[in-house]
Every structure is written in C-alpha cells, then in structure tokens.
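*Asks:* sequence unknown, structure follows:
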C-alpha cells in the first residue's frame, strides 16, 4: 500500500499492540483477573475488547460493574500483568521507527486507554528510545473510540490533530482517528484482520511499523 498523500505534522501512537507486542499477554492477564472475580470468558472474546479500557471492556463483555468494582479489577489487572510484562517485546520496526522520527524531529506522543503509570513504565522498559509525552484516557477524558485523548495529545505536542497520523492496532484506535479527522494508519500487530480495521475507520492498513518507517524514510508515492 502506498503511503498517505500528506506527510504528518505529528504522529500519535497507541502502545499495546502497536509499539509493544503485548496484546496476547493482556488477554492472559484479563483471563486471570476475570477468573479471580469468578467469571470465565474465552480468550477470543477478550481479544475483541482489548483497547477499550477497563470499564469499556467490562461492559462489552456483559459485566455490570460500579466504579469501585472497576477500580478493583484495574488493580488486579496491574498485578496480573506485572508478572507477564518481562515477556513483552517491541513490535517489528517499533524501535527503528522511533529513531527515524527522532532524527526527523517530528513531534510524537503516546495515547492509551490504559493506566498511564503502567503503560509508561512498560514502554520505557521495553523500548529504550525517545522520552515521549503520554496521554491516558482517564479522569475527564473520554476513552477511545472518542477522540478526546487524541486531541489532548495533539495539543500537548503543539500540532493540529487533523494534520496528524494516528497509528494503532485496533478498530477502536481507528474509530478515534476517524472521529478526529486524522489519517488513520492501522498495523496488524495486535491481531486484528485488515477488514475489521478498515471497518473501524482505517485509511491505511499495514502489517507492521517497518512499513511506516519506510514511508517516512523514502520519497512520497
């Protein structure tokens, strides 16, 4: 697939499944958490809700939770994932792409529906690259697929959101990018089929970040 016609003013990256090969470990962590809560859910169903954040994922799985229960599950998830985190690796091309962006001086931010402290610590431990600003859809920000966290990230790095590339691995990421009017670039490293990513709103679908690095390193086509 050819690169987007317009180069980005900045790039907003999702983390899990996009920069980090962590989605299937997240599924395992979720299964452990739900089992602790007395609920059994098949892995494929959990995979389908990765990226929605704890409250959104629980609702999508048919669980009716109050705020205290969401906080409890979030804490259990942090504990479960900490034991799995040493197995997380960068997705193909992630470190190289961040180097390309650093050399180009292109503004970059990380945007996640997950816990900010956990996501930042994992990113720093797995990819020893640029120190990047991170926006988490917590507090007053509505999680993706709403574009709120993308707008906050674009403002933080001083770029117009509609002029950015949003790079993610889930239909949720792509829906947020589409709602923001940004270029929606999907990578398949989170396990989603290309058709599902396009239905979510992706304008471009590639196998992994090596393609995005090649776009930015070479001439537009």
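*Replies:* Ah, there it is. Keep in mind that what you see is a predicted model, and the values were worked out from it rather than measured.
*Asks:* next, residue 111: secondary structure please.
*Replies:* Using DSSP: H, G, I helix; E, B strand; the rest coil, the structure places residue 111 in strand.
*Asks:* OK, contacts around it?
*Replies:* For residue 111, the contacting residues are 12-14, 134-137, 144, 149-150, 153, 166, by CB atoms under 8 Å, 6 or more residues apart in numbering. Placement of C-beta: from N, CA and C, glycine included.
*Asks:* looking at the residues you listed, which are in strands?
*Replies:* 12-13, 134-136, 166 (DSSP state E).
*Asks:* farthest-separated two in those residues?
*Replies:* With CB to CB as the measure, no two of the ones in strands among the contacts of residue 111 lie farther apart than 136 and 166, at 15.7 Å.
*Asks:* between these two, which is the more surrounded one?
*Replies:* residue 166 (31 against 23; other CB atoms under 10 Å).
*Asks:* all helices for the chain, in order.
*Replies:* 23-36, 43-49, 53-60, 67-84, 94-104, 116-126, 148-156, 171-180, 194-200, 209-217 (DSSP state H).
*Asks:* tally of neighbours for the closest residue to residue 191 other than its chain neighbours?
*Replies:* In space, residue 191 comes closest to residue 23 once its chain neighbours are excluded; the distance is 5.7 Å by CB to CB, 6 or more residues apart in numbering. Other residues lying near residue 23 total 22 when counted by other CB under 10 Å.
*Asks:* then residue 148?
*Replies:* Per other CB under 10 Å, the neighbour tally for residue 148 reads 18.
*Asks:* correct me, but it touches residue 142?
*Replies:* Yes - Residue 148 is in contact with residue 142 according to CB atoms under 8 Å; the separation is 4.6 Å.
*Asks:* any low-confidence regions in this protein?
*Replies:* 1, 128-130, 219-221 (pLDDT under 70).
*Asks:* let me see the domain layout of it.
*Replies:* Split into domains by automatic domain parsing, the chain comes to 11-22+89-217, 23-87.
*Asks:* out of the ones you listed, deepest packed?
*Replies:* Among the domains of the chain, domain 11-22+89-217 has the highest mean neighbour count (mean count of other CB atoms under 10 Å), at a mean of 21.
*Asks:* just the terminal-to-terminal distance for that one.
*Replies:* 15 Å (CA to CA, to the nearest Å).
*Asks:* again, but for stretch 88-95
*Replies:* Start-to-end span of stretch 88-95 (CA to CA) is 14 Å.
*Asks:* can you name the residues that contact residue 170?
*Replies:* The contact partners of residue 170, by CB under 8 Å, 6+ apart, come to 14, 17, 50-51, 190, 192, 197, 200.
*Asks:* let's have those residues in a markdown table, adding distance to residue 38.
*Replies:* Shown next, in a markdown table, are those (distance: CB to CB, whole Å):
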| residue | distance to residue 38 |
| --- | --- |
| 14 | 31 |
| 17 | 28 |
| 50 | 21 |
| 51 | 25 |
| 190 | 28 |
| 192 | 29 |
| 197 | 34 |
| 200 | 32 |
